[in-house]
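Engineer: make a model of this:
(2 chains)
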Amino acid sequence: MKVNVLRRMTPEQEPYWESFLYDGSEDNTVAGLLDYINYNDDILNDKGEKTTRISWECSCIQGICGACAMIVNDVPALACEAFLKDIQGEEISLRPLSKFPVIRDLVVDRSGIYDSLRHNNVCIETYKPPSDGDHEQDYASAKCLKCGLCIECCPKYTDGRTFYGAPFANDCYLVASRNQEKSHEILEIYQEHFKDSCAFDLACMRICPMGIKITACMKKLNSLK
Amino acid sequence: MEALVIGSGIAGMACALRLAKQGIHVVLASPYPSERSQSVMAAGGINAMVSGNEEGDSVESHIQDTLKGGSGLGGEEAVRGMCEHGGEIIRYLESIGTVFSVDGANKPVRRAFGGQSHKRTYYCGSATGKQIVSALAMECRRFEAFGMITRRLRCSFHSALIRDGAAYGALLYDEASARLEACYADFLVMATGGQNALFGKTTGSSLCDGYAAGRLFMQGAVLKNLEFIQYHPTTLETAQKKMLISEAVRGEGGRLFYVENGERVYFMEEKYGKRGNLMTRDVISREIYATGKDVYLDISFLDGQTIDERLPEVRDICIKYRGIDIKKEPIPVSPSVHFFMGGLAVHLNHETSLRNLFAVGECASIYHGANRLGGNSLLSAIYSGFVAADEIAGRAPARKYPDFTAFMEDERRLLKKSSASKSTFPVFYIRDMLSMTMAEHLGIVRDEKGLEEGLTDIGYYLSIAEKIRYDRSVPAYSNFSLKPILCIAGATLASARERRESRGAHFRSDYPETLERYGYATLVSYQDGKFQIRPDQEHAYES
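Structural biologist: Just a heads-up that it's a prediction; the model follows:
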C-alpha cells in the first residue's frame, strides 16, 4: 500500500507530500501503520531515499483520548480507529487537521479549543442542576474528547476567533445542565459564539467518535430563557 | 506561594484544584491536555462508603477489605484516611458535575467489585475515569480563568531542582522552543502515573513510562514496592494493544470459563464458590495463568438493555476492535500489566524522601500494598491529591531559591550534545528490548533465575545506552528519557529478586509461601549506579 503523508518539519515550513510503501498487516489501523513505518533504523520513502520519522500524537490507542485525530483519505478520523481493511484502493493519504496550526507533520496545536472555553468562563461554578435533566445526554456530552474532528469538518469554523464550533456548544450544554442559575450567561455566549453562525450542517455530529448528539445539546440550549 | 504540579490526570488536577482553592498559585505542567491522560482509561468505578450503601457496609469494612487486598503492606493509617474520606470525595465529584450512573430517584448507584465485602463501587457506565476527568478539567478551567492555575502544555518533566535534600521546582523541556527551562516553585508535586510503558503496550497509556520516577530515583528519591505490579485478569488482545475489559463486567455478573471436552468449565466458581469471579485481581490472574487454556468472559446472558446502560464502552471496544458482540458471545480474555502498586516512597502527608517534593496518584506507593482493589485507584488518586495539597497549604514557602545555573548549563549541554547526533538509530529498539525483558522476567509468575537474567539484560542496556547516538528527528524526550527508564526497570527487577516469598501480585514459583519476615515494604535507593534494596523495618514510610 502506498501511504502519502503531508509533511512539514516546522510550523514555518511549506508543507509537502512524501510517500511511503507499507507492507504490514491489513489488520492494522492507521495508528499501527504509522508505528510500522517509523520502526526502522533508516526511514525510507517510496523512492528509497532516507527521510525522517513521521510525527504524530497518541496516548490511549483505543479511541478514548482523541490524541491521534488526523485526516485519513480526506475524512477526519482517529488514527487508532481507522482500519486499513476499510480503506478503498491501494493508496492512503494522511494529513494533519487543517483548522489548527501545524506543529510538525500530523501533530497540530488544538489549544484554541481550550482557550475559547477558558476565556468565556464555560464552567459550572455551582452545582444546581435543573429538575428536568437529561442524564443520557449529560453522560454523552461529558465524553467529548476535544479531539477537533468536529471542528475540522465544520463549514463555518475558520480561525476560531468568533465561532468556536461544536466542542464549545457541547460544554455550554454541560454547564447549563449542571447549573441552571448560569443559564442566562451561558445562553448569551452560546448564541454569540455558536448558534448565530452555525450552518446546521451537522457534519460535526456525524463525525464525532463519541457519538455526541450536538442537536440534543442545541435543543436544550435553545430552550433556555 | 507557588506549586508546580507535573501531570494533569485525575491526581494532578485534584491536587491543583485543592491548592488553588487555598490561595496557592499552581503551574500545572504536562505534555498534553488532561483529555489525553491515562486517567480517562479508568473504567469500572470508585469505591466509597456513603450512607445508603447496602446494609452492613461501613468505613471499617472498606478499610479492612483494602488492607486485606494489599496483603498487609498497605499503609494502615493512610488507608483509614482514604476510606474515611470516600463519601466526601463522591459528594465533591457530584458537586463539580461528574455524571455518575444513577437510579430512578437520581441517586448514584453502586456495583460489586473484586475483593470487597460489600457493593460500594460508584461508577459512570464503564467510563468512570473519563467522566471524572471531564468534570475536573472543567473545574480547573474556572481556576485557570482567574489565574490561580496556569496550564503549561507541550512540556515534559526533565529533572527536579534539588539542593541539600529539598526540591525547588523542576527543569521542564519545552517542545516548542526545544529548550530546557527552569520552573521554580516552593513545592513540587509529581502526578505522573505508573510505569506501564516499561512493558510495551499494556492496558495503559503509552505516555506513562516511569521516566519521572526513574529520574527522581537517580536524583536521590527513594522508591518503594516496585515488585508489586498488578496484572488485570481480563484484557482483550488486539492488533494494537491489550485493551482493558473492565472489572465492571464481572461486577455485573460476568463469568470466567474455559472449554474442556466441549464443556464450559467455570473454574473460578468451582474453586472459590459463587463469588469466584470477584476474587481479587492477583488471584484471578494467577488462576487464568494456571489453566494454560484460552479463557473467556461471558456476559451475554445479561439483557441487552442492561449491557447498553452499564457497559457501553466494553460493548464498543469488543465490536470495534475484534468484531465481538458481547450480547451474543463470550469475550476471549487474558491477563495484562495494568497498575503499579509501587512507586515513589511517600510519608503519610505524601512527601517523598526529598523535602518539598510530593507524589500523588499512581506514581506514589502508599495505599495499595501488594495488590490494589478495583475501584480504589480513582479514590486514592483524588484523596492523595487533596492530602498533598493540604500539607503544602500549611507549610511556609521557600525563603530563597538556590542558584541552579550550573546544573541547568550542564543539562543543556548534555541535551545539545545528544541533539547534534546524525544517527538514525531509534531509541525504541532499546525500549522494545526492555519490554521483552520485563514481560519475560516480571510476569505473573517469577523466579530467581529469570530475575537474574532480567537484571543482566538491564545491565547490558544501561552499558550501551549512553554510548549510542540516537535519531534526533524524534522529540528529545524520547532520547533523554531512556536511562532513567532503564534504571527504574532495573530497580523493579532487583526489588522482585530480593523479595523471596510470594505476596499479593508478586508470585515466586521458587518461594510460593508468604513469609512473616518479608512483611515489610521494599525500599530501593540509587547509589553510584547500584540499586540498594532494604526492607522498611523501621516504617520510615507509611506502610
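Engineer: per-residue pLDDT, the residue nearest to B:Ser159 when sequence neighbours are not counted?
Structural biologist: Excluding the flanking residues, the one nearest B:Ser159 by Cβ to Cβ, 6 or more residues apart in numbering or on different chains is B:Leu171, at 4.9 Å. In this view, the C-beta of every residue, glycine as well, is placed from N, C-alpha and C. At B:Leu171, the model reports a pLDDT of 98.
Engineer: same question, B:Met341
Structural biologist: Taking B:Met341 on its own, its pLDDT is 98.
Engineer: do you know how far it is from chain A?
Structural biologist: 22 Å (Cβ to the nearest Cβ, to the nearest Å).
Engineer: that residue - how many residues pack around it?
Structural biologist: Using other Cβ atoms under 10 Å in any protein chain shown, B:Met341 is surrounded by 29 other residues.
Engineer: how close does the residue nearest to it when sequence neighbours are not counted get to B:Pro335?
Structural biologist: Once flanking residues are discounted, B:Met341 sits nearest to B:Phe228: 3.9 Å by Cβ to Cβ, 6+ apart. Between B:Phe228 and B:Pro335 the computed distance is 15 Å (Cβ to Cβ, to the nearest Å).
Engineer: residue with max distance from the center of chain A?
Structural biologist: Each residue of chain A has a distance to the centre, and by Cα atoms, centre = their mean the biggest one is for A:Gly48: 33.1 Å.
Engineer: again, but for chain B
Structural biologist: Relative to the chain centroid, chain B (Cα atoms, centre = their mean) has B:Asn261 farthest, 39.8 Å.
Engineer: contacts only, for that one.
Structural biologist: Applying Cβ atoms under 8 Å, 6 or more residues apart in numbering or on different chains, we find B:Asn261 in contact with no residue.
Engineer: which one of B:Phe228 and B:Pro335 has more residues nearby?
Structural biologist: B:Phe228 (31 against 23).
Engineer: re earlier: check contacts around the residue nearest to B:Met341.
Structural biologist: Residues in contact with B:Phe228, defined by Cβ under 8 Å, 6+ apart, are B:73, B:340-342, B:368-371, B:504-506.
Engineer: that's a helix at B:Arg413, yeah?
Structural biologist: Yes - under DSSP: H, G, I helix; E, B strand; the rest coil, B:Arg413 falls within a helix.
Engineer: would you mind measuring from it to B:Tyr168?
Structural biologist: Noted for B:Arg413: a distance of 21 Å to B:Tyr168, by Cβ to Cβ.
Engineer: and these two? Which one has more around it.
Structural biologist: Neighbours of B:Arg413 and B:Tyr168, each counted by other Cβ under 10 Å, are more numerous for B:Tyr168; the result is 24 against 10.
Engineer: quick one: pLDDT of the nearest residue to B:Asp536 once chain neighbours are set aside?
Structural biologist: Of all residues not flanking B:Asp536 in the chain, B:Ala521 sits nearest, at 4.2 Å (Cβ to Cβ, 6+ apart). Looking at B:Ala521, its pLDDT stands at 97.
Engineer: so which helix or strand takes in the residue nearest to B:Ala494 when sequence neighbours are not counted?
Structural biologist: Spatial nearest neighbour of B:Ala494, chain neighbours left out: B:Phe531 (4.3 Å); criterion: Cβ to Cβ, 6+ apart. With secondary structure defined by DSSP states H and E, B:Phe531 is part of strand B:530-535.
Engineer: the residue nearest to B:Asp536 is in contact with B:Glu538, isn't it?
Structural biologist: No - assessed by Cβ atoms under 8 Å, B:Ala521 is found out of contact with B:Glu538, at 10.7 Å.
Engineer: to what extent is B:Gly220 buried, counted in neighbours?
Structural biologist: B:Gly220, neighbours per other Cβ under 10 Å, totals 17.
Engineer: tell me the confidence at it?
Structural biologist: 98.
Engineer: what sits up against stretch A:172-189?
Structural biologist: So stretch A:172-189 is in contact with A:120, A:122-130, A:133-134, A:137-138, A:141-142, A:190, A:194, A:217-218, A:220-221, A:224-225, B:97, B:134, B:138, going by Cβ under 8 Å, 6+ apart.
Engineer: and if you look at stretch B:92-100?
Structural biologist: With Cβ under 8 Å, 6+ apart, stretch B:92-100 has contacts from A:124, A:127, A:135, A:138-139, A:142, A:174, A:178, B:46, B:90, B:108-109, B:122-124, B:131-132, B:134-136, B:138-139, B:382.
Engineer: now the helices for chain A?
Structural biologist: A:30-38, A:111-119, A:135-141, A:149-152, A:166-178, A:183-190, A:203-207, A:214-222 (DSSP state H).
Engineer: right, I mislabeled it, should have said the stretch 101-250 of chain B
Structural biologist: B:128-145, B:211-218, B:248-251 (DSSP state H, counting those that start in this stretch).
Engineer: can you tell me, leaving aside adjacent residues, what's nearest to the residue positioned nearest the centre of chain A?
Structural biologist: By Cα atoms, centre = their mean, chain A has its centre lying nearest to A:Gly148, at 2.2 Å. The shortest distance from A:Gly148 to any residue other than its chain neighbours is 5.0 Å, reached at A:Arg110 (Cβ to Cβ, 6+ apart).
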